[in-house]
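can you look at this prediction? I've put the sequence above it.
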Amino acid sequence: MSNERALHVLNTVFGHPAFRGAQQDIVSHITDGGDALVLMPTGGGKSLCYQLPALLREGTALVVSPLIALMQDQVAALKQLGVRAAFLNSTLDGREINAVERALRDGELDLLYVAPERLMMPRMLDLLADTRVALFAIDEAHCVSQWGHDFRPEYMQLSVLHERFPAVPRIALTATADPQTRVEIIRQLALDEARVFVSSFDRPNIRYTIVDKQEARAQLLRFIREEHPNEAGIVYCLSRKKVDETAAWLATQDVQALPYHAGMDAAARANHQARFQREDGTVVVATIAFGMGIDKPDVRFVAHLDLPKSIEGYYQETGRAGRDGLAADAWMAYGLGDVVQQRRMIDQSEGSEAFRRVSLVKLEALLGLCETAGCRRVRLLDYFGETSTPCGNCDSCLEPPQTWDATEAARKALSCIYRTGQRFGAVHLIDVLRGRATERVSQWNHDKLNVFGIGSDLDEAAWRNVFRQLVALGYARPDHEAYGALRLTDASRPVLKGDERVEMRSVTPRKSKTAARRRAKASDTMPAADEELLAQLKAWRSVQASTQSVPAYVIFHDRTLAAIAAAQPEDLDALSEIAGIGAKKLERYGPALLDLLRGS
């Protein structure tokens, strides 16, 4: 492949002056006919790794994606660039499907996005056999892993592409795959000869914060008001009921919040998704399915009110923040109840014993991230096999937590679990330790035990943290069959015997960073721009987006508008030098932009 030709297409079509990271090597490898597995973080430019080769190779590129929102957004964005793109999914009627298939057969498409189920239909495979296929791009490739956080059975069938189209290059892409999942992707998709490209998993613009869950909704509201007022964000909850209640409560607190989950009416769900994509400052409260494939670049925060299932899930969900490279937050409130809930879900899973065992290992890794006294980012990247140094942009780095010798407190807590028969949860155990003769404590005669009142030196919040960390450290485990009662593990014996020291994090309320500091951080990467002019450009963009029924970022990203407002180009040549403005967008929007600039 000619590097000059690739750079020319990159500049004239996509409006980018240069490749980022390993993009050029990946594009060259695929364009020359090689297979590849690409691991690249969200916002790292994965889509360009197959979109550009699709324009450099003859024929139509088939993009396999399980995400309807992704298909629609990317096709809309590609059409803005003058690329001949289409999708086949359940949103199309029979007439529309026939038109797309006809365009594919006639060689009138550069890229076609298709769901794996449809791709595997005999009729579709036969159609492809009569089509010049440029390449197969398998997006969200982690879906092939039975041990992953987002397993899709239909992905298991995609190895047939290699069997039926051996001469067509394939590129599998994902943002979340630990070493075990990478091996499974290669095996399941028959990518044994593929070149593996692993980019850094680091998202340096995201600040990671995990707080002790106390009054979770109030904590969330304070975080939004102080750090992200009137900014777009996603709040994740585990249950549909909690989604509805949290969204309704935030709305009463003057936060523009909308619920989103599978139990809603389809039309209402689609409306809320569209509003989130097209409106500024909307917060969506959702179950974890929301956000998959939504390419909204200016999500300024992702918050979790419940513990995710794994580090992969946490990484993917938090990765939906700050895709534009500007400062963003990943915030989570976490407590012992989350651990009990996740253990219950694993224990009650219908999966095999091996699946439950792997799920527990993944949960333990996530608890290690939550409880670490060191840099969150170092712990997160280490999970994906990447070595790093303290980042200076997580809560542990900004306000290093203190640790304390919790051996005596741990022995008291573990003894209390044992003396009460391993039949009670943390609330009851804390009452016993603090010497509170509640009706339930007296009913069970636990006020007569020698552990009653031995923990009066610590307050309720401190004991809650002790029990949470005992579970996270593996000294105790919740028993869902006994309604979350805590039981001792074999690991607790050396502690009870006084043979093992226990060190824990001191959990203290963290001071919220001010909005001014947040914006100062953002200004490190956002071009300095005339605020009034930038507001005018955004208003113009909103009109364009509304007229064309596409999200605003499909017209231009915020970064591009900020660059225009900063440079204030006087002619088309100068405007074309701004990143994000390719030939088609220059032709389509250039005159109107110049008119706006001259009138400002």
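Cool, the structure landed.

quick check, V451 in a strand?
No - under DSSP: H, G, I helix; E, B strand; the rest coil, V451 sits outside any strand and is assigned coil.

what's the pLDDT at A266?
With respect to pLDDT, A266 scores 84.

and L158, by the same measure?
Reported pLDDT for L158: 90.

and M1, by the same measure?
For M1, the predicted pLDDT is 57.

how about D35: what's its closest non-neighbour residue?
If the residues on either side of it in the chain are set aside, D35 comes closest to A194, at 3.8 Å by Cβ to Cβ, 6 or more residues apart in numbering. Just so you know, the C-beta spots here come from the backbone N, C-alpha and C atoms, and that holds for glycine as well.

residues contacting that neighbour?
By Cβ atoms under 8 Å, 6 or more residues apart in numbering, the residues touching A194 are G34, D35, A36, L37, R170, A172, I186.

number of nearby residues for the third one?
Put plainly, it is A36. Applying other Cβ atoms under 10 Å, we find 25 residues neighbouring A36.

what residues are up against it?
I26, H29, I30, C49, P169, R170, I171, A172, A194, R195, V196, F197.

how about the helices of the stretch 401-550 of the chain, start to end?
Applying DSSP state H, counting those that start in this stretch to the stretch 401-550 of the chain gives helices spanning 407-419, 426-433, 439-443, 460-472, 493-496, 515-522, 531-548.

of the ones you listed, which is nearest G43?
helix 515-522 (14.9 Å; Cβ to Cβ).

the closest one - what's its average pLDDT?
42.

who touches stretch 212-219?
Here stretch 212-219 makes contact (Cβ under 8 Å, 6+ apart) with 211, 246, 249-250, 305, 333-335, 337-338, 461, 464-465, 507.

mind listing what's buried along that stretch?
Within stretch 212-219, the residues that qualify as buried are D212, K213, A216, R217, Q219, counting by 16 or more other Cβ atoms under 10 Å.

the residue nearest to the second one when sequence neighbours are not counted: neighbour count?
Closest residue in space to K213, ignoring its immediate chain neighbours: G335 at 3.4 Å, by Cβ to Cβ, 6+ apart. Counted with other Cβ under 10 Å, the neighbours of G335 add up to 21.

in CSV, list the contacts of A194 along with pLDDT, distance to R275 and secondary structure.
Formatted as CSV, the contacts of A194 follow (pLDDT from 0 to 100; distance: Cβ to Cβ, whole Å; DSSP: H, G, I helix; E, B strand; the rest coil):
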residue, pLDDT, distance to R275, secondary structure
G34, 96, 42, coil
D35, 96, 40, coil
A36, 96, 37, strand
L37, 95, 36, strand
R170, 96, 37, strand
A172, 95, 33, strand
I186, 92, 40, helix
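
skipping adjacent residues, who's closest to Q277 in space?
Q277 sits nearest to P551 (Cβ to Cβ, 6+ apart), 4.1 Å away.

just C375 next, same as before
Per Cβ to Cβ, 6+ apart, closest to C375 is P390, 4.1 Å.

kindly report the same for F355.
Per Cβ to Cβ, 6+ apart, closest to F355 is S349, 6.8 Å.

burial measure for that neighbour, as a count.
11.

how close does Q157 get to E577?
Applying Cβ to Cβ, to the nearest Å, the value for Q157 to E577 is 46 Å.

typo on my end, D126
47 Å.

check V340 too.
Taking Cβ to Cβ, one finds V340 at 57 Å from E577.

now swap in D530 and tell me
Where E577 is concerned, D530 sits at a distance of 18 Å (Cβ to Cβ).

more neighbours: the two, which one.
Here D530 and E577 are set side by side on neighbour count (other Cβ under 10 Å), and the busier one is D530, at 15 against 12.

for burial, what's the neighbour tally of the nearest residue to that one once chain neighbours are set aside?
Ranked by Cβ to Cβ, 6+ apart and with sequence neighbours excluded, the top spatial neighbour of D530 is A565, at 5.1 Å. Number of residues near A565 (other Cβ under 10 Å) recorded here: 22.

R357: how many residues sit nearby?
12.

T246 now?
Other residues near T246 number 23, with proximity taken as other Cβ under 10 Å.

state the pLDDT value of the most far-flung residue of the chain relative to its centre.
Distance to the chain centre peaks in the chain at K448, reaching 49.9 Å (criterion: Cα atoms, centre = their mean). On pLDDT, K448 comes in at 95.

please apply the same query to the one 4 residues further on.
The pLDDT attached to F452 in the predicted structure is 96.

next, it: phi, psi?
Here is the backbone geometry of F452 (degrees, to the nearest 10): phi -70, psi 120.

what does G335 give?
phi -150, psi 180.

now do the same contact list for it.
With Cβ under 8 Å, 6+ apart, G335 has these contacts: D212, K213, Q214, R464, R468.

okay if I get these as TSV plus distance to S546 and pLDDT?
Formatted as TSV, the contacts of G335 follow (distance: Cβ to Cβ, whole Å; pLDDT from 0 to 100):
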residue	distance to S546	pLDDT
D212	43	89
K213	40	91
Q214	42	87
R464	49	89
R468	48	86
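
of all these, which two lie farthest apart?
Checking those with Cβ to Cβ, the most distant pair is Q214 and R468, at 11.8 Å.

spatially nearest residue to L127, not counting backbone neighbours?
Nearest to L127 is E101, by Cβ to Cβ, 6+ apart, at 6.2 Å.

for V339, same thing?
V339 sits nearest to V471 (Cβ to Cβ, 6+ apart), 5.1 Å away.

that neighbour: how many residues sit nearby?
21.

I figured it hits L336, correct?
Yes - using Cβ atoms under 8 Å, V471 is in contact with L336, at 6.4 Å.

report the buried residues of stretch 6-16.
A6, L7, V9, L10, N11, V13, F14, G15, H16.

what average pLDDT does it get?
92.

ok, now stretch 547-559?
87.

distance from it to the middle of the chain?
Relative to its parent chain, stretch 547-559 has a centroid offset of 22 Å by Cα atoms, centre = their mean, to the nearest Å.

then stretch 130-144?
The answer for stretch 130-144 is 22 Å, by Cα atoms, centre = their mean.
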